[in-house]
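Undergrad: Here you go, sequence then predicted model.
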Amino acid sequence: MKIGILQAGRAAPELAAKLGDYDDMFRHLLAGYGFEFRSWAVLDMEFPAGPEDADGWLITGSVHGAYDDLPWIAPLEALIRAIHDSGRPLVGVCFGHQIIAQALGGKVEKYPGGYAVGRSEYVLNGKPVFLNAWHQDQVTRLPEGAEVIGSSAFCPHAMLRYGDSMLTIQPHPEFDDAYIEGLIRARTGVVPEPQLAAARAEFGKPNDSAAIARMMADFLRRKEG
């Protein structure tokens, strides 16, 4: 099964050299599920011809906001709607979660309460899960057809499902502790130091990235054949 990765951002150069770029992280996260991958750097206006170029799709995170006035945002939204209409499965993570909601009529805003950073607790289908996060933007108004399947006190719309066609996740199952540590070093001054210290204190504790990867893979494979 061919998964098309729509790359909406890049890892910081000093981190990418050691830990890989965003598309590499998803290839690693979803390794072992029988997928083949192709990436399109949509942030550079590199787009597939259409939904038929892959069997399933995934949109990465980004330093940019879904609401930013950038030339590739509108074409990406159009592609999201085309994928939705095609019936092919689409998974979105962080920015991907947000841009899918916006493309379908929802609203994304910068949260005035600040950032979620590092290991964070969510409730998914009634059970606690822990995932790494790094975001301030949030989906603040749901589009029609979106069902909340995961949430936290900080982020009420943390995980959404749109029937059998789309699955979106605000936190980062593809980010390990090493990447969060690198972000803390690379973005000093963006997040208050006490919050960064609290995030560092969580390094080494278990998280549920493997379970979320399995959920994503199962969702993508549901449309296979």
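TA: Received, thanks.
Undergrad: name the helices or strands packed onto the lowest-mean-pLDDT helix or strand in the chain?
TA: One helix or strand of the chain scores below all others by mean pLDDT, DSSP states H and E: helix 13-19, with a mean of 83. Under the contact criterion of 3 or more Cβ pairs under 8 Å, 6 or more residues apart in numbering; DSSP states H and E, helix 13-19 touches helix 177-186. Any C-beta I mention is one placed from the backbone N, CA and C, and that applies to glycine too.
Undergrad: What are the contacting residues of the helix it packs on?
TA: Counting contacts by Cβ atoms under 8 Å, 6 or more residues apart in numbering, the residues outside helix 177-186 that touch it are 11-12, 14-15, 18-19, 25, 117-118, 132, 134, 191, 196, 199-200, 203-204.
Undergrad: which ones are touching the most centrally placed residue in the chain?
TA: Nearest to the geometric centre of the chain sits Val93, at 1.1 Å (Cα atoms, centre = their mean). Under the criterion of Cβ under 8 Å, 6+ apart, the contact list for Val93 reads Phe26, Leu58, Ile59, Thr60, Gly61, Thr168, Ile169, Gln170, His172, Pro173, Glu174.
Undergrad: re the thing from before, how about the least confident helix or strand of the chain, which residues are buried there?
TA: Residues of helix 13-19 classed as buried by neighbour count (16 or more other Cβ atoms under 10 Å): Leu15, Leu19.
Undergrad: Quick check: next helix or strand after it?
TA: Read in the C-terminal direction, the helix or strand following helix 13-19 is helix 22-29, with elements assigned using DSSP states H and E.
Undergrad: which intervals of the chain have sub-threshold pLDDT?
TA: 223-225 (pLDDT under 70).
Undergrad: Do a quick rundown of the helices in it.
TA: Listed in chain order, the helices found in the chain under DSSP state H are 13-19, 22-29, 73-86, 95-103, 177-186, 193-200, 209-221.
Undergrad: Of the contacts of helix 177-186, grab the buried ones for ChimeraX.
TA: Here is the ChimeraX command that selects only those of the contacts of helix 177-186 that count as buried (16+ other Cβ under 10 Å):
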select :11,12,15,19,25,117,118,132,134,191,196,199
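Undergrad: picking that back up, hey, which of the helices of the chain is tucked in deepest?
TA: Stretch with highest mean neighbour count among the helices of the chain: helix 95-103 (a mean of 27; mean count of other Cβ atoms under 10 Å).
Undergrad: angle of that helix against helix 73-86?
TA: For helix 95-103 and helix 73-86, the angle between their directions (axes from the mean of the first three to the mean of the last three Cα atoms, to 10 degrees) works out to 80 degrees.
Undergrad: Quick check: which helices or strands does helix 95-103 pack against?
TA: Using 3+ Cβ pairs under 8 Å, 6+ apart as the contact criterion, the secondary-structure elements in contact with helix 95-103 are strand 56-59, helix 73-86, strand 90-93, strand 107-110, strand 137-141, strand 159-162, strand 166-169.
Undergrad: Export the ones you listed to TSV and append columns for distance to Ile100.
TA: Formatted as TSV, the helices and strands packed on helix 95-103 follow (distance: least, Cβ to Cβ, whole Å):
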stretch	distance to Ile100
strand 56-59	7
helix 73-86	6
strand 90-93	4
strand 107-110	10
strand 137-141	9
strand 159-162	8
strand 166-169	5
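Undergrad: For Gly189, grab the count of nearby residues.
TA: Applying other Cβ atoms under 10 Å, we find 6 residues neighbouring Gly189.
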